[in-house]
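In: Build me a model:
(one chain, ligands or ions: 1)
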Amino acid sequence: MVTTSKEGVDYEEASSFHRDGAILLKGVLTEDWVSLLADGLDECFAEPDGMSSALVSSSSELRIDQFPAARSQKLRNFICESPLPSLIGSIIQGPVRFYMDQMFYKPAGEMMPTPWHQDTSYYNVEGHDLIRAWVSPDVVPRAASLEIVKGSHLWNVTYRPLAGRDPDLSEEEHEARIAMVEEFGVYERPGEDFSYNNAIMDKSLPETPNIEASRGSFDILGWDFEPGDVILFHGNVLHAAQGDVELSYPRRSHAIMYAGPNIRYIKRPGQIIPDPIALTKLKPQTGQSLAEFGDIFPLLWDASS
Ligand SMILES: O=C(O)CCC(=O)C(=O)O
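Out: Alright, predicted model coming up:
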């Protein structure tokens, strides 16, 4: 049992992160943190809001909630008070702000795979200090946990998000495509206020490579995950979760984005995840630092903490 939390990474761990684009930190959260996380995720799952959507197939489901901490004090405490901000601060060696969070909830049974994608292009931010903390209160075998393409954060390419509406399709063609996917494949059950398919696809960005189709050609890193562990990964790294496994319990995960000093606002034509409502009111401009919106992206750690 872990009784004290780890507050910082050592030189080797930081170097692995910068080289590979991700790292698994074993047993860095105490049981108290893990149970707070479990309670926060359970309360959000029990009460979906307008930003809760799902990917659905005939045999499995993945519910994704945007900004769950906005309605859970427990998740807010976890994000702000747990050792995560200081762990991330010790990697980027600079001030750490909260950017946003998501819940990925896969019910017991067959696990829905999460397709390969890169996070940064889904958001109106860019820069190298965007780090995700992926945590779960559950035992997650590698076959259902997060995988990354090693080093892909350094490829210097922004891939097209997998969602969004193709601007070259007419309304009818778009509706027909959605209906066909609903009948034959994995489709989206949108939330009242959010759909991954509402955004307009930015076709100037290169398509995300189909890593799954040729896994052997890529250097893929993955881990068996246990409660108390944390996976940290870079915002530009290609990542996914396989679904080649059935679990007798839900796989609950919380993915929290923390931002360092070089993260800037950028207005993306193909933005998928909306800006926080409070930010929209301030009319942010491309190039502005998140530090200019300190009430929305609070400072959680700096070297003097
Ligand atoms: O938990 C998952 O299956 C996917 C998580 C993910 O894509 C993310 O954290 O960005």
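
In: tell me the SS of residue 14?
Out: At residue 14 the chain is in helix, as set by DSSP: H, G, I helix; E, B strand; the rest coil.

In: Could you report the pLDDT at it?
Out: What the model reports for residue 14 is a pLDDT of 95.

In: and the closest residue to it other than its chain neighbours, what are its phi and psi?
Out: Using CB to CB, 6 or more residues apart in numbering and skipping residues adjacent in sequence, the residue nearest residue 14 is residue 91, 5.1 Å away. Quick note: C-beta positions are derived from backbone N, CA and C, even for glycine. Dihedral pair for residue 91: phi -90, psi -50, per degrees, to the nearest 10.

In: Below-threshold pLDDT in the stretch 51-200 of the chain: ranges please.
Out: 180, 183 (pLDDT under 70).

In: residues from it in reach of the ligand?
Out: Contact residues (CB under 6 Å from any ligand atom) of the stretch 51-200 of the chain with the ligand: 104, 114, 119, 132, 134.

In: and residue 292, that one's in a strand?
Out: No. Read with three-state DSSP, residue 292 is helix and lies in no strand.

In: and it, how many neighbours does it have?
Out: 13 (other CB atoms under 10 Å).

In: Please report how far it lies from residue 304.
Out: Applying CB to CB, to the nearest Å, the value for residue 292 to residue 304 is 21 Å.

In: can you pull the contacts of whichever residue of the stretch 201-305 of the chain sits closest to the ligand?
Out: Residue nearest to the ligand within the stretch 201-305 of the chain: residue 255 (3.1 Å; CB to the nearest ligand atom). By CB atoms under 8 Å, 6 or more residues apart in numbering, the residues touching residue 255 are 101-104, 132-134.

In: Report the secondary structure state of it.
Out: Residue 255 - assigned by three-state DSSP - is strand.

In: for it, which residues make a bridge with it?
Out: Note on residue 255: beta-bridge partners by DSSP bridges are residue 102, residue 134.

In: How about the one 10 residues further on?
Out: Each beta-bridge partner of residue 265 is listed here, defined by DSSP bridges: residue 125.

In: From residue 286, how far off is it?
Out: For residue 265, the distance to residue 286 - CB to CB - is 6 Å.

In: Over to residue 71?
Out: In terms of CB to CB, residue 71 sits 30 Å off from residue 286.

In: ok, those two, which is more surrounded?
Out: For residue 71 versus residue 286, the count of surrounding residues by other CB under 10 Å is larger for residue 71: 15 against 11.

In: How about the backbone phi and psi for the more buried one?
Out: Here is the backbone geometry of residue 71 (degrees, to the nearest 10): phi -120, psi 10.

In: Would you confirm that it contacts residue 44?
Out: Yes. Between residue 71 and residue 44 there is a contact under CB atoms under 8 Å: 6.6 Å.

In: returning to what we had before: closest to residue 9 out of the contacts of residue 255?
Out: residue 133 (12.2 Å; CB to CB).
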